[in-house]
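Asker: here is my input; please provide its structure:
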Amino acid sequence: MAGHTPNDTRYSFAALAAGLIVGAGLAGALVVADIPMQLGLPMGAVVGLFVASSVKYTDQWEKAVLMRLGRYRGLRGPGYFAVIPIIDRVSYHIDQRIRTTAFGAESCLTRDTVPVNVDAIAFWIVRDAERAALEVQDYNEAVILSAQTALRDAIGKHDLAELIQSRVELGHGLKGALEQKMLNWGIQVQSV
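Answerer: This next block holds a predicted model:
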């Protein structure tokens, strides 16, 4: 599912390398401090893994949703950020680029009971990642279903001749209906 991707495993090579360096340094320091190699290496490895798993990142166009013990703690990114392993979890990343959604109303009846098949494309963007994360379970699917419902509603209110003649006005009406539905989800419709 694009944009709303469950992903708690975004580690960078730099974070892994830093964790290994810290772990190796700790293991060496423990050996120098007269702690046997059999204890120093495992302790260094554990600390190295802890450091490596505490660094996450998001791409320039994303926000990461951070949860601490199941409660929302905020958005992170873009770039690197730290988490507390085991306690913190990045539940998913939200893509904030403009997206397109193609949708259709399958076979619908116009106001004058003529069956028509109409397809449309909506261009939309997540403006408020916090609302998109907390207000709707799967905002991508919700956009598709809302668009289909609005399209069916618009087709049922017009005669076939009106649909053919006023496609631009129909697009504006669909955009307005979608914006009204998606306002609370943090999603803005660019055009239909």
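
Asker: confirm Lys56 sits in a helix?
Answerer: No. Lys56 is assigned strand when assessed by DSSP: H, G, I helix; E, B strand; the rest coil, not a helix.

Asker: correct me if wrong: it contacts Arg76.
Answerer: Yes. At 7.4 Å, Lys56 and Arg76 qualify as touching, with contact defined as CB atoms under 8 Å. In short, each C-beta sits where N, CA and C put it, glycine included.

Asker: these two: which is more packed in?
Answerer: More crowded of Lys56 and Arg76, by other CB atoms under 10 Å: Lys56, with 24 against 21.

Asker: how close does that one get to Ile94?
Answerer: 14 Å (CB to CB, to the nearest Å).

Asker: from the middle of its chain, how far away would stretch 133-151 be?
Answerer: From the chain centre to the centre of stretch 133-151 is a distance of 13 Å (CA atoms, centre = their mean, to the nearest Å).

Asker: can you give me the helices in the protein?
Answerer: Assigned by DSSP state H, the chain shows helices spanning 13-32, 37-53, 129-135, 139-156, 160-165, 167-182.

Asker: residue ranges in this protein under the pLDDT threshold?
Answerer: Residue ranges of the chain with pLDDT under 70: 1-45, 105-106.

Asker: who's in contact with the residue sitting nearest the centre point of it?
Answerer: For the chain, the residue nearest the mean C-alpha position is Ile94 (2.3 Å; CA atoms, centre = their mean). By CB atoms under 8 Å, 6 or more residues apart in numbering, the contact set of Ile94 is 3-4, 62-65, 75, 126, 129, 132-133.

Asker: what's the overlap in contacts for Lys56 and Arg76?
Answerer: Taking CB under 8 Å, 6+ apart as the criterion, Lys56 and Arg76 both touch 64, 90.

Asker: burial of the nearest residue to the residue nearest to the centre of the chain once chain neighbours are set aside, as a residue count?
Answerer: The shortest distance from Ile94 to any residue other than its chain neighbours is 4.5 Å, reached at Ala129 (CB to CB, 6 or more residues apart in numbering). When neighbours are defined as other CB under 10 Å, Ala129 has 19 of them.

Asker: if anything else comes up later, I'll come back, but that's it for now.
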